[in-house]
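[1] build me a model:
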Amino acid sequence: MSEPTPASVRDYWQETLAALARYPARPEIERLPLRSTPFATLFGVRLTSLGPYRLFGYLSIPAGAGPFPAIYYPPKYQSVLEIIPQGTANLQRSRYVTFALAGRGQRNADAPYAAMFPGLLTEGIDRAASYVFRSIVADSVRGLEYLLTRPEVDPARVVVSGNDLALITAASTAGATHVVTTPALFYRTSALAPKTQAYPLEEINDYVRAYPARAEAVGHTLAHCDLLGFAPRVTATTLLMAGAPGSLLDGTALQPLASALRGPVTVYESQQSLYKDGLYAEQWMATQCGIADVQSILPQHWRD
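    As a prediction, this is how the structure comes out:
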């Protein structure tokens, strides 16, 4: 099986997004008093994506007069959906509209399909047409589309923050002005997976060991998802969160990706500290969104 051509990859995603467009989002919104605060109101949101498949997300809207900058958290590679990422100060919700989405298979969006972790990365991977991430990308696009319909959101300050899906989403639909992305799944995966035993890429190795005759088909599918193919369509200002120097996805390894992006790019190499890495990303987003008093919305132990 030969490598897909750029034209066939483009057609693959255009067909996916065209299929998504045939399904109205049909949002259902419910206020969640238990998770609301004096400075932000939380809502549960259900949306229809490709399939049709119903998704779930947490939408938090600050108190006061907007419009506000927004952070969209597309589906993570984990089973549990968080309102905001673990370790982030709840006060972030006082300054940004935040929307965190569970893609199909994640908890709260796991009927009729419940994903396994590890396992999701190789679901249907032997055929590009059936690969689960084709649909999860559609889910992620639908989430950003919904967020942009909210009148509380300032469309000039919309950050998409997450793993590879953040970059893929920004490339696949309009609306992201800024991207914070930590590649982990879809950057040169066929070449890099054999060089590691760490998950999630070890899932690829596990699958190929179990089904060696499908190795070529796996590579063919992964070529449709490679970030290098999406990068030229990303014009947003981007923070590329690389691994620590010398790691598989360090700044040197990601340089071709940084060079392929069309918008301004900052490459940050991990200092192997959740505090230092998280602080850098929070300050970068605040600066980009014009929030001067970022210290007030940081976790207390970070302020000290």
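
[2] ok so Leu249 is a strand residue?
    No. Counting by DSSP: H, G, I helix; E, B strand; the rest coil, Leu249 is not part of a strand but coil.

[3] all the helices of this protein, residue numbers only.
    Listed in chain order, the helices of the chain (DSSP state H) span 6-21, 132-147, 164-172, 189-192, 202-210, 215-223, 227-230, 255-260, 274-288, 300-303.

[4] flag every buried residue along the fifth one.
    Just to be clear, that refers to helix 202-210. Neighbour counts over helix 202-210 (16 or more other CB atoms under 10 Å) mark Glu203, Ile204, Asn205, Asp206, Tyr207, Val208 as buried. For glycine as for every other residue, the C-beta is placed from the backbone atoms N, C-alpha and C.

[5] ditto for the first one
    Neighbour-count burial for helix 6-21, with 16+ other CB under 10 Å as criterion, is recorded at Val9, Tyr12, Trp13, Thr16, Leu20.

[6] now the helices of the chain in TSV, with mean pLDDT and distance to Ile61?
    Shown next, in TSV, are the helices of the chain (pLDDT from 0 to 100; distance: least, CB to CB, whole Å):
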stretch	mean pLDDT	distance to Ile61
helix 6-21	96	25
helix 132-147	98	11
helix 164-172	98	21
helix 189-192	96	37
helix 202-210	97	36
helix 215-223	97	38
helix 227-230	98	30
helix 255-260	98	34
helix 274-288	94	18
helix 300-303	76	23
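
[7] among these, which comes closest to Tyr53?
    helix 132-147 (7.2 Å; CB to CB).

[8] buried set for that closest one?
    132-147.

[9] equivalent analysis for stretch 151-158, please.
    Quick answer for stretch 151-158 (16+ other CB under 10 Å): Val153, Asp154, Arg157, Val158.

[10] likewise stretch 79-97?
    Buried residues in stretch 79-97 (16+ other CB under 10 Å): 79, 81, 83-85, 88-89, 92-97.

[11] per-residue confidence averaged over it?
    Average pLDDT, stretch 79-97: 94.

[12] likewise stretch 40-60?
    98.

[13] list the buried ones in that stretch?
    In stretch 40-60, residues buried by neighbour count (16+ other CB under 10 Å) are 40-43, 45-51, 53-60.

[14] including distance to Leu167, could the buried residues of helix 202-210 go into CSV?
    Formatted as CSV, those follow (distance: CB to CB, whole Å):
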residue, distance to Leu167
Glu203, 20
Ile204, 19
Asn205, 24
Asp206, 25
Tyr207, 24
Val208, 25
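
[15] returning to that earlier point: between the buried residues of stretch 151-158, which is nearest Glu282?
    Arg157 (14.8 Å).
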